[in-house]
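> Here you go, sequence then predicted model.
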Amino acid sequence: LMAEAELDLRAHPTGPAAGVVLEAEIQQGRGIVAHLLVQDGTLNQGDIVLAGEGYGKVKSVHDDRGKTIQSAGPAVPVEVTGLAALPGVGDPFYVIETLAKAKEIAGERERKNRAVALAASGGSRKDLDAILGSSPVQEVEAINLIVRADVQGSAEVIRHEVEKLKHEEVEVQLLHSGVGPITESDVDLATTSGAMMVAFHVGVNGKARQQAERQGLEIRRYEVIYELLDDLHALMEGALSPEYHEEIIGHVEIRRLFKSSKIGLIAGSHVTDGRITRNSSIRLLRDGTVVHSGSLASLRRESDDAKEVREGFDCGIVIKNYGDIHEGDIVEAFTLKEVKRTLEGSRA
């Protein structure tokens, strides 16, 4: 269809117009406003314009001084309204015979662009690993992102800032960015890729909203770029595998051993410092050497089960799945504390 439009343009140089998009944005009360530079033919009010993924019927034409005009010829920059979808900066535009044809071509371009974005986001790393064989490189977790903004400038700023969000374990992949409201194609891409959808100063197409609700997908709205970046930063930190720091909480000396037909070997012990808990991880030390690491099967204080026994008190312990215990052994109790990592505190 594009080839037909270009051939028709060459055959009728003073008929359908063609040119390039200089800028496009959404203005309150006016809708989509596109600044075009006519390069060939004549652009008229009422023409059907196709530009990239943008299309629509021209409702008004203004010159560079804001004066309403009916048509514009070659080398004339104009401002037009009436487009149903936003074109991209630098996109060539053509005048098309019918609105249905323009909508069909724009829709197909949008689907192809998303397919390319999805293909670029997945598979490339796996394909490389398949070629090279087993790779020792740690797989990077990806946070997929789809962004729609009100103006191309905002979309470019977001893209630039997102590209800075790098880490060896997690990264943000911008699958698609564009101007205008969230569309059904955006929801389709988000469904396939598990992407987060962002509406920056724009709304959501009615059908897209319904589709997202059916799929259980969230569309996040932002008015300030740093709030979006803060949320992405938090998502990246949440994706980092946590670190565990060991905290020694106490030591217990084994003083006597008792055998039980039901329980097994019971170690009569004394808490020499700190405390020991039923859920403690433990190391069994003999002459300063670790002979076993594991957990407790039982902790008792006198004849009762205990959750915790503190320094200076006696207790009875049973080490889970281990019976090679000697009098004089030391049980070192410790816990593993999960420490949330930050991007700043991790090696990037």
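Happy to help now that I have it.

> Report the secondary structure element holding residue 285.
strand 281-286 (DSSP states H and E).

> Direction included, what does that strand pair up with?
Each strand paired with strand 281-286, and its direction, by DSSP bridges: strand 289-301 (antiparallel), strand 330-339 (antiparallel).

> Can you list phi and psi of the residue nearest to residue 184 when sequence neighbours are not counted for me?
Leaving aside its sequence neighbours, residue 184 sits nearest to residue 208 (C-beta to C-beta, 6 or more residues apart in numbering; 4.8 Å). Where you see a C-beta, it was placed from the backbone N, CA and C, and this is true even at glycine. With angles defined as degrees, to the nearest 10, residue 208 shows backbone torsions of phi -60, psi -40.

> helix or strand right after the lowest-mean-pLDDT helix or strand in the chain?
The element with the least model confidence among the helices and strands of the chain, by mean pLDDT, DSSP states H and E, is helix 124-132, at a mean of 39. For helix 124-132, the following helix or strand on the C-terminal side (DSSP H and E) is strand 141-149.

> what angle sits between the helix or strand immediately after that following strand in the chain and strand 141-149?
Once strand 141-149 ends, the next helix or strand along the chain (criterion: DSSP H and E) is helix 152-162. Angle between the axes of helix 152-162 and strand 141-149 is 170 degrees (criterion: axes from the mean of the first three to the mean of the last three C-alpha atoms, to 10 degrees).

> which neighbours does the following helix or strand past helix 152-162 have in its sheet, and in what orientation?
Along the chain past helix 152-162, the next helix or strand (assigned with DSSP H and E) turns out to be strand 170-179. For strand 170-179, the paired strands and their directions (DSSP bridges) are strand 141-149 (parallel).

> and the strand it pairs with, how far out from the chain's middle?
If you compare the mean C-alpha spot of strand 141-149 with that of the full chain, they lie 5 Å apart, counting by C-alpha atoms, centre = their mean, to the nearest Å.

> With stretch 291-301 instead?
Centroid separation between stretch 291-301 and its chain, computed with C-alpha atoms, centre = their mean, is 43 Å.

> buried stuff in it?
Residues 292, 296, 298, 299, 300 are the ones in stretch 291-301 that count as buried (16 or more other C-beta atoms under 10 Å).

> Quick check: the two most widely separated of the residues you listed?
Greatest spatial distance in these: 292 and 300, 20.0 Å, computed using C-beta to C-beta.

> low pLDDT regions in the stretch 1-150 of the chain?
1-15, 114-140 (pLDDT under 70).

> which residue ranges form the strands in it?
Listed in chain order, the strands of the stretch 1-150 of the chain (DSSP state E, counting those that start in this stretch) span residues 18-27, 31-40, 43-44, 48-51, 54-62, 68-69, 71-72, 77-85, 92-96, 141-149.

> Tell me the buried residues in the second one?
This points to strand 31-40. 32, 33, 34, 35, 36, 38, 40.

> Which neighbouring elements make contact with it?
Where contact means 3 or more C-beta pairs under 8 Å, 6 or more residues apart in numbering; DSSP states H and E, strand 31-40 is packed against strand 18-27, strand 48-51, strand 54-62, strand 77-85.

> Find the one among the ones you listed with the highest mean neighbour count.
Between those, the one whose residues have the most neighbours on average, counting mean count of other C-beta atoms under 10 Å, is strand 48-51 (a mean of 25).

> List the neighbouring strands of that strand plus their orientation.
Looking at strand 48-51 with DSSP bridges, its paired strands and their directions are strand 54-62 (antiparallel), strand 92-96 (antiparallel).

> what's that strand in contact with?
Here strand 48-51 makes contact (C-beta atoms under 8 Å, 6 or more residues apart in numbering) with 5, 21, 34, 36, 43, 55-58, 80, 83, 87-88, 91-99, 101-102, 105-106.

> cool, and stretch 150-167?
For stretch 150-167, contacts defined as C-beta under 8 Å, 6+ apart pick out 23-26, 88-89, 145, 147-149, 171-172, 174, 177-179, 198, 200-202, 225, 228-229, 232-233, 236, 240, 343, 346, 348.

> ditto for stretch 250-267
Stretch 250-267 is contacted by residues 268-276, 280, 297-298, 311, 315-319, 323, 325-333 when judged by C-beta under 8 Å, 6+ apart.

> Just the buried ones among these, please.
269-271, 275-276, 280, 298, 315-319, 325, 329-333.

> I figured the residue nearest to residue 184 was touching residue 188, is that so?
No: counting by C-beta atoms under 8 Å, residue 208 stays clear of residue 188, with 9.3 Å between them.

> So these two - more neighbours on which side?
In this view residue 208 and residue 188 are compared by other C-beta atoms under 10 Å, and residue 208 has more residues nearby, 24 against 17.

> State which strand of the protein is the longest.
Among the segments of the chain that qualify as a strand by DSSP state E, the longest is strand 243-260.

> Report the distance from the strand or helix carrying residue 274 to the chain centre.
Using DSSP H and E, residue 274 sits in strand 264-277. Between the mean C-alpha point of strand 264-277 and the mean C-alpha point of its chain there is a distance of 48 Å (C-alpha atoms, centre = their mean).

> If anything else comes up later, I'll come back, but that's it for now.
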